[in-house]
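Chemist: Kindly return the folded structure for what I paste below:
(chains A, B, C and D)
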Number of protein chains: 2
Amino acid sequence: MIRLLIADDHPVVRAGLRAVLESEPDFAIVAEAATAERAVELAAEAEVDVVLMDLQFGPGSAMNGAQATAAITARAGAPRVLVVTTYDTDADTLPALEAGATGYLLKDAPPEELAQAVRAAAAGRSALASSVADRLLERMRTPAAALSARETEVLGLVADGLTNQQVSQRLHLSQATVKSHLVHIYTKLGVDSRTAAVREARGRGLIR
Amino acid sequence: MIRLLIADDHPVVRAGLRAVLESEPDFAIVAEAATAERAVELAAEAEVDVVLMDLQFGPGSAMNGAQATAAITARAGAPRVLVVTTYDTDADTLPALEAGATGYLLKDAPPEELAQAVRAAAAGRSALASSVADRLLERMRTPAAALSARETEVLGLVADGLTNQQVSQRLHLSQATVKSHLVHIYTKLGVDSRTAAVREARGRGLIR
DNA sequence: TCCGGCATCAATCAAAAGGTTGAACTCCGC
DNA sequence: GCGGAGTTCAACCTTTTGATTGATGCCGGA
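Modeler: Predicted coordinates:
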């Protein structure tokens, strides 16, 4: 019998996951959490094998699903965490997987796939949605080319449509510095304009 | 007895709505649709009082929830359509309401609120999530200042970071025309730069 | 029917922003 | 302690933008 904890801020989604998974004879839903914090508590208190974890927890929550995943998997004998989310951008997936998630599924997955993923997670095997797996492999092939923290910060503001001057003011820098960061970003991403950089970074999930 | 049709591309959400609403003694779920097209068909065929309609139908679908809503409410004796969606941006809500939706709810609504909204919709009364209602009233107070279709198109490309020249090429216009549109956009929005226009328009839900 | 809004384009010009090059300084790891 | 990566800045030049002025054709409501 696989004991499950469902963590999602949407009552409808919780009910849906419960309905879909309860019909499996070898599953038992032992708890539900509407917040990330509560999920961490319950994962520690209750006897749970697999946590179904949403990533987005609404504006009212200080902790997100990735942080909760890290908190849960940090302790010994922790349950497996299976991330179940709506969107599959790199920006979401990688932190979650780095936080120790055993699998990553999309909410539009058919019920059978969900059940299979839960069984895989319970057995310690990883279960990734194919789109996520594809992107992970893609990521392996390309040598990373990660941006530095400052560069990411600059590019994030550029992506918001700010000009170099506005970015420099926001970050208390000179325009020269901002431009310099941008040049480095361009070379790292293999592009030669701010809009191309934003597009490329979005595609790679480097910025939200 | 209120007869319901659930239209959502996510199996989990369909199951969740079913689970939440089935427990109400005066509700009967008579059909489910995984695509917008199927929802339109079923709304015409089956005896339905209220359609619970998602707005987003995934990349595999040509029709979105707002279009389906319009198609359903167009015919005589049509059921009421209650939009149930995840996000509440102006860009989403207004088309849906214009398409004839009786109500607009967010998926993070508590089950009781959902049930109340369904009863209101069945009775012909409108049911809006408070955040949506707030923005509608706000909209009433501000004298609209709507952008023309062409202006919206131009601003959308500008928001993607395109230069005037790129926009002109994409739209088969001269740069002069693009600039002309932008000037009009600026005066309508009360701003004086492209980035400010993008920010303002985003805030008002004029562009995605 | 006439007027106003919309869409289209032209030309000019100063100011702003963007991109390039080069160069310090700091911090960290080898 | 040397080298490289990251952060910061300056000077220079090119491109873009925004402001302005003005004009044409189309369409729909008063």
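
Chemist: The residue of chain A found nearest chain B - nearest residue in space that isn't next to it in sequence?
Modeler: Nearest residue of chain A to chain B: residue A:16, at 2.7 Å (Cβ to the nearest Cβ). Where C-beta positions appear, they are placed from N, C-alpha and C, glycine not excepted. Excluding the flanking residues, the one nearest residue A:16 by Cβ to Cβ, 6 or more residues apart in numbering or on different chains is residue B:16, at 2.7 Å.

Chemist: which helices and strands sit right next to the helix or strand harbouring residue A:15?
Modeler: Counting by DSSP states H and E, the element that carries residue A:15 is helix A:11-22. Here helix A:11-22 touches strand A:2-7, strand A:27-33, helix A:111-122, helix B:11-22, helix B:111-122, going by 3 or more Cβ pairs under 8 Å, 6 or more residues apart in numbering or on different chains; DSSP states H and E.

Chemist: DNA strand D: which of the ones you listed is closest?
Modeler: helix B:111-122 (31.7 Å; Cβ to the nearest atom of the strand).

Chemist: show me the contacts for the residue of chain A closest to chain B.
Modeler: B:10, B:11, B:12, B:13, B:14, B:15, B:16, B:17, B:19 (Cβ atoms under 8 Å, 6 or more residues apart in numbering or on different chains).

Chemist: And it, how far from residue A:108?
Modeler: Going from residue A:16 to residue A:108 by Cβ to Cβ, to the nearest Å gives 12 Å.

Chemist: Dump the helices and strands packed on helix A:11-22 to TSV, plus distance to DNA strand C and mean pLDDT.
Modeler: Output for the helices and strands packed on helix A:11-22, formatted as TSV (distance: least, Cβ to the nearest atom of the strand, whole Å; pLDDT from 0 to 100):
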stretch	distance to DNA strand C	mean pLDDT
strand A:2-7	36	96
strand A:27-33	38	95
helix A:111-122	35	92
helix B:11-22	37	93
helix B:111-122	34	92
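
Chemist: Reformat these as a markdown table; add distance to residue B:47.
Modeler: Listed next are the helices and strands packed on helix A:11-22 as a markdown table, based on distance: least, Cβ to Cβ, whole Å:
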| stretch | distance to residue B:47 |
| --- | --- |
| strand A:2-7 | 34 |
| strand A:27-33 | 34 |
| helix A:111-122 | 27 |
| helix B:11-22 | 17 |
| helix B:111-122 | 13 |
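
Chemist: domains for chain A, by residue range?
Modeler: A:2-140, A:149-204 (automatic domain parsing).

Chemist: Span of the shortest one from start to end?
Modeler: From its first residue to its last, domain A:149-204 covers 16 Å (Cα to Cα, to the nearest Å).

Chemist: what separates it from the chain centre, distance-wise?
Modeler: 23 Å (Cα atoms, centre = their mean, to the nearest Å).

Chemist: Give me the residues contacting the longest helix along chain A.
Modeler: Ranked by residue count and defined by DSSP state H, the top helix of chain A is helix A:175-189. With contact meaning Cβ under 8 Å, 6+ apart, helix A:175-189 is reached by A:145-148, A:150-151, A:154-155, A:158, A:164-165, A:167-168, A:171, A:192-194, A:196-197, A:200-201, A:204.

Chemist: Can you flag the buried ones in those?
Modeler: A:147, A:151, A:154-155, A:158, A:164, A:167-168, A:171, A:194, A:197, A:200-201, A:204 (16 or more other Cβ atoms under 10 Å in any protein chain shown).

Chemist: for stretch A:6-14, how far is the first residue from the last?
Modeler: OK, stretch A:6-14 end separation, Cα to Cα: 7 Å.

Chemist: ok so, going back, out of the buried ones among the contacts of helix A:175-189, which are inside helices?
Modeler: Short answer: the buried ones among the contacts of helix A:175-189 in helices (DSSP H) are A:151, A:154, A:155, A:158, A:164, A:167, A:168, A:194, A:197, A:200, A:201, A:204.

Chemist: Same list (those residues) but as TSV, adding distance to DNA strand C and pLDDT.
Modeler: Output for these, formatted as TSV (distance: Cβ to the nearest atom of the strand, whole Å; pLDDT from 0 to 100):
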residue	distance to DNA strand C	pLDDT
A:151	13	86
A:154	11	88
A:155	11	86
A:158	7	83
A:164	3	85
A:167	7	87
A:168	9	89
A:194	4	77
A:197	8	81
A:200	13	79
A:201	14	80
A:204	19	75
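
Chemist: Can you pull up the most central residue in chain A?
Modeler: The residue lying closest to the centre of chain A (Cα atoms, centre = their mean) is residue A:92, at 2.9 Å.

Chemist: any idea which element that residue lies in?
Modeler: helix A:90-98.

Chemist: low-scoring stretches of chain A, by residue?
Modeler: Along chain A, the parts satisfying pLDDT under 70 run over A:88-91, A:135-146, A:208.

Chemist: Please repeat the previous calculation with a cut-off of 50.
Modeler: Applying pLDDT under 50 to chain A flags no residue at all.

Chemist: which bits of it sit near chain B?
Modeler: A:9-20, A:58, A:86, A:107-111, A:114, A:160-163, A:166, A:194-195, A:198-199 (Cβ under 8 Å from any Cβ of the partner chain).

Chemist: now the residue lying closest to residue A:109 once chain neighbours are set aside: how far from residue B:21?
Modeler: Using Cβ to Cβ, 6+ apart and skipping the chain neighbours, the partner closest in space to residue A:109 is residue A:129 (6.6 Å). Using Cβ to Cβ, residue A:129 is found at 28 Å from residue B:21.

Chemist: near DNA strand D, anything from stretch A:185-198?
Modeler: No. If you take Cβ under 7 Å from any atom of the strand as the test, stretch A:185-198 misses DNA strand D, and the best it gets is 7.7 Å.

Chemist: Quick one: name the residues of chain A near DNA strand D.
Modeler: So chain A meets DNA strand D at A:148-151, A:171, A:173-174, A:176-177, A:179-181, A:184 (Cβ under 7 Å from any atom of the strand).
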